[in-house]
Each structure stands twice: as structure tokens, then as C-alpha cells.
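take a look and give me a structure for this.
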Amino acid sequence: MSYRTAGSLRSVTLDDVRGAQKMLSGVARTTAMESSRHLSQLVGAPVHLKCENLQRTGSFKLRGAYVRIAGLLPEERAAGVVAASAGNHAQGVALASSLLGVHATVFMPQGAPLPKISATREYGAEVRLHGQVVDETLAAAQEYAATTGAVFIHPFDHPDVIAGQGTVGLEILEQCPEVRTIVVGIGGGGLAAGIAVAVKALRPEVRIVGVQAEGAAAYPPSLAAGRPVSVLNPTTMADGIKVGRPGPVPFEIVGDLVDEVRTVSEDQLSAALLLCLERAKLVVEPAGASPVAALLAEPGAFPGPVVAVLSGGNVDPVLLQRVLRHGMAAQGRYLAVRLRLTDRPGALATLLGVLSAADANVLDVSHVRTDPRLGLTEVEVELHLETKGPVHCVEVGQALRQAGYTVID
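Model prediction:
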């Protein structure tokens with residue numbers, strides 16, 4: 001579905017993006033483009049991964065932040081800048097400000113991951129923790145800007161920021177000139193808008209597909225309404241695209257130039273992150289894995305060659321552990337079974353022997369002896385197993401039944 005707006009006047013042009021590319025020379029890396037044999041086989045056409053997770057600060061955000069701050073007047077630089085972010089934008093603003101000699105104050109939610117807080121401080125910013133959610137943090141940053149005169153650096157809703165992010169699109173065309181489809185995650189819309197401006201100006205036939213998390217998908221209803229609308233209480237593990245309302249500036253561009261916006265589930269995000277780690281050997285945060293999730297969900301929907309933009313790799317190790325477990329479960333590589341045994345010595349050892357012969361790895365075992373549904377000599381056992389996939393799960397269940405066990409659904 002196309003969401004083009006007839007007669008719209010865009011606030012960002014190809015010249016702006018080219019100017020941003022010159023400004024970023026020697027500052028932002030030209031990130032690698034890696035091919036993926038697994039995804040290529042799945043899609044039936046070449047698939048390449050644009051590795052912005054390997055960018056300085058671990059995401060594309062440095063590009064837009066640097067261009068925005070570099071464009072400030074001397075008196076604005078002297079007043080300093082302020083930003084609000086849970087992680088990636090915070091680090092981008094911190095490093096850009098440090099490189100340009102500008103004092104930066106960054107407001108972050110009190111629950112922000114400690115590695116992101118530490119990294120933001122190490123890049124040179126003054127970090128202030130405020131609020132439980134980003135909206136509260138954003139309000140605090142804007143109040144600080146109003147009272148101190150510091151310039152507020154928006155994460156996506158400014159032409160300079162969008163122009164900086166658009167340099168990703170120029171690099172894609174240079175590295176993969178035969179590209180037919182570009183898939184990119186969308187939160188507020190700055191990255192997708194910037195890429196679309198650059199690519200559509202040079203290669204209007206290239207298809208641009210945006211991807212949002214189902215629980216934080218503000219663009220589909222906004223595009224349908226023809227104006228930005230809010231999603232109440234956006235919920236997703238992909239904090240990099242967890243934005244409740246599109247910015248007016250990127251919204252206009254996305255509506256005009258992005259060909260389609262798709263949504264993906266949390267299970268699909270988990271599976272995509274796991275695939276990037278196992279098959280591509282790339283650490284990618286859930287938001288960065290969203291384009292891969294879209295490819296996994298409907299591989300036949302993307303004419304190739306395809307470029308999937310891995311927008312960031314700043315994932316908290318604790319979250320990474322949880323997401324990997326979730327991704328393995330989504331792929332059928334974890335199996336939970338309940339069954340009843342006679343409560344006698346050796347019964348559990350016999351059961352474990354059956355599972356060992358079936359090549360299932362036991363992760364956890366729990367016993368229930370006090371349930372009134374159990375007989376006097378019965379015990380209920382719940383096991384959590386690591387398997388090789390859905391087919392192996394079926395084989396494990398068959399092995400248990402052939403050994404005489406009744407698996408309780």
C-alpha cells in the first residue's frame with residue numbers, strides 16, 4: 001500500500017543529505033554491508049545487511065545529532081544542548097557534542113540500562129535521570145531548555161537530523177547500486193524519512209519498506225488518518241522504535257515517499273535478533289533487528305536485491321539474555337513438558353535417561369507432590385528442555401510416550 005501525499009512540500013532535499021554527508025566525513029563511519037546467505041535463500045534473492053550497529057556509539061543516531069549540533073549558531077553552541085533519550089540518541093548527542101566542543105545535558109529515564117547511562121557519561125555528557133518513561137524525561141528536558149536557553153536536540157523531528165540520517169541511504173546506493181528494496185525500522189521516522197529522501201531522489205523505483213513493532217505501531221493509523229496520531233502506552237522490547245507518535249516533519253516525508261509500513265510481533269523480533277547473532281555473528285538490538293523480522297515473517301514480499309538496515313546494536317546484556325531465550329522459544333528450541341511418575345527411587349533417573357537418549361538437554365526440573373489431583377504414590381514433574389527445533393520437540397514427545405509416560409497438556 002502506498003501513502004503518497006499529492007503536492008506535499010518536503011522540508012529535506014537530496015542536497016541537504018549530500019551536504020550532511022560532507023559534514024560527516026571523518027566523523028561517522030561508512031558502515032559495512034554484509035551479505036546473508038541464509039536470508040538470501042529464504043527470500044529467493046540477494047539480501048544484504050547495512051550494519052549501522054557497527055557505527056560509532058553503536059547506532060545511526062550520531063549522524064543526525066552531529067549534523068544538527070554542527071549547524072547551530074555560535075551563541076547557540078555557547079548555551080549548550082539538551083536531549084532526552086533512553087539510550088541511542090543520548091549517546092549520539094553526547095559524542096557529537098564532545099567532538100564539537102559543546103556542553104551537553106542528557107535526560108534519561110531512571111530505568112535506563114546502566115551500560116547506556118555509563119556510555120553516555122563516558123562520551124562527555126552530563127546525565128540527569130528523571131521519570132519512569134521517556135515522555136516524562138522528554139518533558140523534563142524541554143523544561144530545562146526553556147529555563148536555561150540550551151538548545152533542545154530532538155531525536156527525529158528536525159530537518160537537520162533527518163538529513164544526517166539520510167546519509168545511510170546514500171551509502172546503500174554506493175555499496176549496493178542494484179538494490180530494489182530497502183527495509184528499515186521506524187520509531188519516530190527520522191531514519192526512514194532520511195533514507196527515503198536520498199534514495200527516491202536518485203532511484204525512485206527502489207521500494208522503501210518501514211517496519212514497526214506491533215505494540216508501538218503509530219504510523220499505520222497515522223497514515224490512514226493523514227496526520228500524526230498517538231498510540232497510548234506503546235509496549236515493545238524494541239525500545240529504539242518505541243515511539244507513541246510520529247514527528248510531523250518525518251511523518252510528511254514517510255507519507256510521501258515510503259511505499260509501505262509493516263508491523264512485526266515480539267516473537268518475530270526475538271527470532272530475528274537470534275538469527276543475526278547465530279547466522280551473521282552480529283549483535284543487534286531488537287529495534288535494529290526489526291527489518292530482519294519482517295523478512296522472516298513474509299520473505300516473498302520483498303523484491304531483491306534487498307538491503308535490511310540494522311539500525312543499532314546497543315542492547316543491555318540482561319535484556320539480550322531474555323530476548324535470546326524468548327527467540328529460542330519462538331523457534332521451538334525450548335520445550336516444557338509435564339508428566340506423572342510413581343514416587344519411588346530411580347523414577348526420575350529413568351525419565352532423564354529417556355530424555356538423554358532423545359538428545360534433549362534438561363535445563364530445569366521441578367516436582368509437585370501436594371496437588372490433590374495426585375494419587376498417594378504419584379508425583380508430577382515439570383521439565384524445561386533445550387531442543388533442536390520444532391521437529392525435535394515432536395520426536396522428544398514421541399520418545400516419552402513410547403517409554404510409557406503420559407504427557408499432560
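
which residues touch the residue lying closest to L355 once chain neighbours are set aside?
Excluding its sequence neighbours, the residue lying closest to L355 (Cβ to Cβ, 6 or more residues apart in numbering) is V362, at 6.0 Å. For every residue, glycine as well, the C-beta is placed using N, CA and C. By Cβ atoms under 8 Å, 6 or more residues apart in numbering, the contact set of V362 is L352, L355, L383, H384, L385.

next one: the lowest-mean-pLDDT helix or strand in the chain to chain centre, how far?
Across the helices and strands of the chain, mean pLDDT, DSSP states H and E gives its lowest value to helix 317-330, namely a mean of 74. Its chain's C-alpha centre and that of helix 317-330 lie 14 Å apart, by Cα atoms, centre = their mean, to the nearest Å.

which secondary structure elements does it sit against?
Helix 317-330 sits against helix 266-278, with contacts defined as 3 or more Cβ pairs under 8 Å, 6 or more residues apart in numbering; DSSP states H and E.

low-confidence ranges in the protein?
1-10, 133, 326-327, 330-331, 369-372, 374-377, 409 (pLDDT under 70).

the longest helix in it is where?
If you go by DSSP state H, the chain has its longest helix at helix 159-175.

and stretch 303-323, how far out from the chain middle?
Distance, centroid of stretch 303-323 to centroid of chain: 5 Å (Cα atoms, centre = their mean).

meant to ask about stretch 27-40
Remark: stretch 27-40 is offset 16 Å from the chain centroid, using Cα atoms, centre = their mean.

tell me which strands and helices the longest helix of the chain is in contact with?
Applying 3+ Cβ pairs under 8 Å, 6+ apart, we find helix 159-175 packed against helix 14-23, strand 47-51, helix 61-70, helix 190-202, helix 248-257, strand 306-310.

check which element follows the least confident helix or strand of the chain along the chain.
Note on helix 317-330: by DSSP states H and E, the next helix or strand toward the C-terminus is strand 334-342.

how far off centre is that following strand?
With Cα atoms, centre = their mean as the basis, the mean position of strand 334-342 lies at 35 Å from the chain mean.

now the angle from that strand to helix 317-330?
70 degrees (axes from the mean of the first three to the mean of the last three Cα atoms, to 10 degrees).

quick one: strands adjacent to strand 334-342?
Strands that pair with strand 334-342, judged by DSSP bridges, come out as strand 378-386 (antiparallel), strand 407-408 (antiparallel).

now do the buried residues in it.
Neighbour counts over strand 334-342 (16 or more other Cβ atoms under 10 Å) mark Y334, L335, V337, L339, R340, L341 as buried.

make JSON lines from these and add distance to T137 to it.
Conversion of those to JSON lines gives the following (distance: Cβ to Cβ, whole Å):
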{"residue": "Y334", "distance to T137": "35"}
{"residue": "L335", "distance to T137": "41"}
{"residue": "V337", "distance to T137": "44"}
{"residue": "L339", "distance to T137": "49"}
{"residue": "R340", "distance to T137": "51"}
{"residue": "L341", "distance to T137": "52"}
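
and of the residues you listed, the nearest to A32?
Of all these, Y334 has the smallest distance to A32: 32.4 Å, by Cβ to Cβ.

from memory that closest one sits against N361, does it?
No: look at Y334 against N361 with Cβ atoms under 8 Å: they stay out of range, at 10.0 Å.

which residues do those two both contact?
Common neighbours of Y334 and N361 (Cβ under 8 Å, 6+ apart) are L385, E386, T387.

which among those gets closest to E75?
E386 (60.4 Å).

counting neighbours, what do you get for that closest one?
The number of residues packed around E386, counting by other Cβ atoms under 10 Å, is 13.

next one: E285
31.

for G389, same thing?
Neighbourhood size, G389 [other Cβ under 10 Å]: 12.

could you measure from it over to V47?
Per Cβ to Cβ, to the nearest Å, G389 is found 22 Å from V47.

same deal with E76?
Going from E76 to V47 by Cβ to Cβ gives 43 Å.

of the two, give the one with the bigger neighbour count.
Between E76 and V47, counted using other Cβ under 10 Å, V47 has the larger neighbour count: 27 against 15.

leaving out chain neighbours, which residue sits closest to the more buried one?
In space, V47 is closest to L39, 3.9 Å off (Cβ to Cβ, 6+ apart).

verify the stated contact: the one you found with A293.
No: here L39 does not reach A293: they are 11.3 Å apart, not a contact under Cβ under 8 Å.

quick revisit: so which of the strands paired with strand 334-342 is nearest G26?
strand 378-386 (46.8 Å).

in the closest one, what counts as buried?
By 16+ other Cβ under 10 Å, the buried positions in strand 378-386 come out as V379, E380, V381, L383, L385.

just those residues now: which is nearest K281?
L385 (26.4 Å).

now for G288: which residues touch it?
Shown in contact with G288 (Cβ under 8 Å, 6+ apart): E52, N53, S59, G185, G240, C276, V309, L310, S311, G312, G313.

hmm, the last one is touching L54, no?
Yes: at 7.0 Å, G313 counts as touching L54 under the criterion of Cβ under 8 Å.

what is in contact with the two at once?
Joint contacts of G313 and L54 (Cβ under 8 Å, 6+ apart) are L282.

so for the two, which sits in the more crowded spot?
Each of G313 and L54 has its neighbours counted (other Cβ under 10 Å); G313 has more, 21 against 18.

distance check, the more buried one against R18.
G313 is 27 Å from R18, where distance means Cβ to Cβ.

could you do T147 as well?
T147 sits 37 Å away from R18, going by Cβ to Cβ.

who's more crowded, the two?
R18 (16 against 8).

which parts of the stretch 101-250 of the chain are strands?
Assigned by DSSP state E, counting those that start in this stretch, the strands in the stretch 101-250 of the chain fall at 104-108, 126-129, 151-152, 181-185, 207-213.

would you format those strands as JSON lines with mean neighbour count and distance to A70 included?
Shown next, in JSON lines, are the strands of the stretch 101-250 of the chain (neighbours: other Cβ atoms under 10 Å; distance: least, Cβ to Cβ, whole Å):
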{"stretch": "strand 104-108", "mean neighbour count": "26", "distance to A70": "13"}
{"stretch": "strand 126-129", "mean neighbour count": "16", "distance to A70": "20"}
{"stretch": "strand 151-152", "mean neighbour count": "16", "distance to A70": "12"}
{"stretch": "strand 181-185", "mean neighbour count": "28", "distance to A70": "24"}
{"stretch": "strand 207-213", "mean neighbour count": "26", "distance to A70": "27"}
